[in-house]
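S.K.: Got a predicted structure plus its sequence, pasted below:
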Amino acid sequence: MRLFRSFLTEQTDPDGFYRLIADDAVDLVRPYVELDGATVADFGGGPGFYSEAFRSAGATTVLVDADIEEIRLHGRRTPGSVVGLAQQAPLRDGSVDVAFSSNLLEHVRDLGEVCDEIVRVVRPGGVVVLSYTIWLGPWGGHETSPWHLVGGRYAARRYERKNGRPPKNVFGTSMFPASVTDGLRWLSSRPDLEVLDLRPRYLPAWSSFLLRIPVLRELITWNLWIVARAPS
């Protein structure tokens, strides 16, 4: 409930909102890896709230984002930031202990390709953490929600008529209909990964059974949370 309520303050208190979400994400990762002294790659990290939370836990971070303006958002510039595409990550194979991505995968055309690239940079036995917004959930269209449920292009046109400018996240260009099924299909293509946690991100852990129910899982999950261990 605390996380759900925080979404009401995203526009009025973005720093407080993103710090809360980032701190919660780090708490969810802690059971699977010792963060003190670890190296973390933060894919699509923008202004660096997640990187900041990982550094507070003792990790060293490198942030990879395709947009320099996102990195500078809110007047921030996170140490160790580089401009680069997740699908062409400027990192060596097996170079980090943790590869983390939050709310990036709904913005790429080929979710599986990007997930494979994220896994590539994790050392043997390291941890991959993926979290992304589900298109058919209530926030799937981001700022165009809930009209994205009628259609992504319709929602974008409606947003522009109402606000006098196009949405930041443009359907078919910088936002795509990512699904729970996409993530599960990718996981099934990677039997080398050990799945450590798989559930709806903002629901209790026991709700993971929902992921076994087609259609319903797309409507209720909202954000899919995946934690997996790379093969040793």
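M.R.: Happy to help now that I have it.
S.K.: Let me see the mean pLDDT of the longest helix along the chain.
M.R.: Secondary structure of the chain read by DSSP state H shows that its longest helix is helix 14-29. Average pLDDT, helix 14-29: 84.
S.K.: For the longest strand along the chain, buried residues please.
M.R.: Counting by DSSP state E, the longest strand found in the chain is strand 122-133. By neighbour count with 16 or more other CB atoms under 10 Å, strand 122-133 contains the buried residues 122-123, 126-133. (Each C-beta comes from the backbone N, C-alpha and C, glycine too.)
S.K.: can you give me the helices in this protein?
M.R.: With helices called from DSSP H, the chain shows them at 2-6, 14-29, 49-56, 68-71, 111-120, 152-163, 180-188, 216-220.
S.K.: With residue 36 as the reference, name the closest of those.
M.R.: Closest to residue 36 of the helices of the chain, according to CB to CB: helix 49-56, at 10.4 Å.
S.K.: tell me the angle the closest one makes with strand 122-133.
M.R.: 140 degrees (axes from the mean of the first three to the mean of the last three CA atoms, to 10 degrees).
S.K.: Any idea how far helix 49-56 is from the middle of the chain?
M.R.: 14 Å (CA atoms, centre = their mean, to the nearest Å).
S.K.: and residue 228, what does it touch?
M.R.: Residue 228 makes contacts with 119, 127-128, 130, 187, 190, 193-196, as judged by CB atoms under 8 Å, 6 or more residues apart in numbering.
S.K.: from the residues you listed, which single one is nearest residue 19?
M.R.: Proximity to residue 19 was ranked across the contacts of residue 228 by CB to CB; first place goes to residue 130, at 20.8 Å.
S.K.: ok, the residue nearest to the closest one when sequence neighbours are not counted to residue 99 distance?
M.R.: Excluding its sequence neighbours, the residue lying closest to residue 130 (CB to CB, 6 or more residues apart in numbering) is residue 226, at 4.4 Å. Going from residue 226 to residue 99 by CB to CB, to the nearest Å gives 11 Å.
S.K.: who touches both of the two?
M.R.: By CB under 8 Å, 6+ apart, residue 226 and residue 99 have these common neighbours: 128-129.
S.K.: Centre-most residue in this protein?
M.R.: residue 102 (1.8 Å; CA atoms, centre = their mean).
S.K.: Any idea what that one is bridged to?
M.R.: For residue 102, the beta-bridge partners are residue 131 (DSSP bridges).
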